[in-house]
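J.: build me a model:
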Amino acid sequence: MPLVDLDTDRLRSEFNRRPFGVHHDLERHPAFSLEKLVELARRLPPEAVEYNAGDLPLTQDPTTTPHTGLSIEETIRRIHECRSWMVLKRVEVDPTYRRLLDDCLDQIAPHAPGMRRRQAFIFVSSPGSVTPYHIDHEYNFLLQIRGQKSMTIFDPAILDETEIERFYRGEHRNLVFDESHAARGHTFELTPGHGVHVPVNAPHYVKNGSEASVSFSITFRTPEGDRRSAVYIVNDKLRGLGLTPRKVGALPLVDRAKYFGYALYKQAQRRLRA
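T.: The predicted model follows:
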């Protein structure tokens, strides 16, 4: 049986256009037990583990995010009670999780031409914890393994272009949540065996239920996605010069010219460093 049960018609018509639910068969996999996650965290480099207090508002200044004072291992072992949020990043460096990532994404690859830079993340969070409102630049399928969480996802169109450009400039993923947009979100109730596709740059936040939660996030990039990322970077540069660039996607030929200009610029940079 495939690890991810996909509706291929829906994947073909809605992939990266809107969020949609999926089913998977990973909820009983031993690689996601808390003990195995403790072992994994020990093997990862320190910079691959991010953790902090889980009692956060939807709008969180990343420079003032509170911490619990617990170690990585204590946080995982006491996740039921320590009111924490944790992500183990790029876990595909471990062969076990790499196989799981590939087994899942191989099913999606035919619908994502040029799939590359496959990466996986594991989120471990306490009851009631919150992942603040933010965006990500990868294509993402979030698979719920343990516990329950509500994930509210919005169309990227609600964002001002400058909010997306700041992210591609290298600023933190967190955004300011506009309460006037609250009713425009699509909320997915995720329980073990269920998951959701999150399109690139679709702003979202997560609220955990009454149990500890473990989620497996499988992500990737594509050439098309990387081209759009480059155009956001160019638009940010143009805005810094006092210009008002056209919105990404408004004129594909203009986007194409911006991308090629950016590609030539990066190529020249590499040659100068050689």
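J.: can you show me the helices along the stretch 1-150 of the chain?
T.: Counting by DSSP state H, counting those that start in this stretch, the stretch 1-150 of the chain has helices at residues 8-14, 34-43, 72-77, 95-108.
J.: nearest to Tyr51, of those?
T.: helix 72-77 (5.4 Å; CB to CB). (Glycine included, C-beta is placed from N, CA and C.)
J.: neighbouring contacts of the closest one?
T.: Residues outside helix 72-77 that contact it (CB atoms under 8 Å, 6 or more residues apart in numbering) are 34, 37-38, 41-42, 49, 51, 68, 82, 84, 86, 124.
J.: distance check, Gly114 against Gly193.
T.: Separation of Gly114 from Gly193 (CB to CB, to the nearest Å) stands at 30 Å.
J.: more neighbours, these two?
T.: Looking at Gly114 and Gly193 with other CB atoms under 10 Å, you find the greater number of neighbours at Gly193, namely 16 against 12.
J.: quick check: Val176 touching Thr59?
T.: Yes. Counting by CB atoms under 8 Å, Thr59 is a contact partner of Val176 at 5.1 Å.
J.: which neighbours do the two share?
T.: Shared contacts of Val176 and Thr59, counting by CB under 8 Å, 6+ apart, come down to Tyr133.
J.: assign Lys247 to helix, strand or coil.
T.: coil (DSSP: H, G, I helix; E, B strand; the rest coil).
J.: which residues touch it?
T.: Glu161.
J.: for it, give me phi and psi.
T.: Main-chain dihedrals, Lys247, degrees, to the nearest 10: phi -60, psi 140.
J.: how far away from the center of its chain is stretch 211-231?
T.: A distance of 5 Å separates the centroid of the chain from that of stretch 211-231, by CA atoms, centre = their mean, to the nearest Å.
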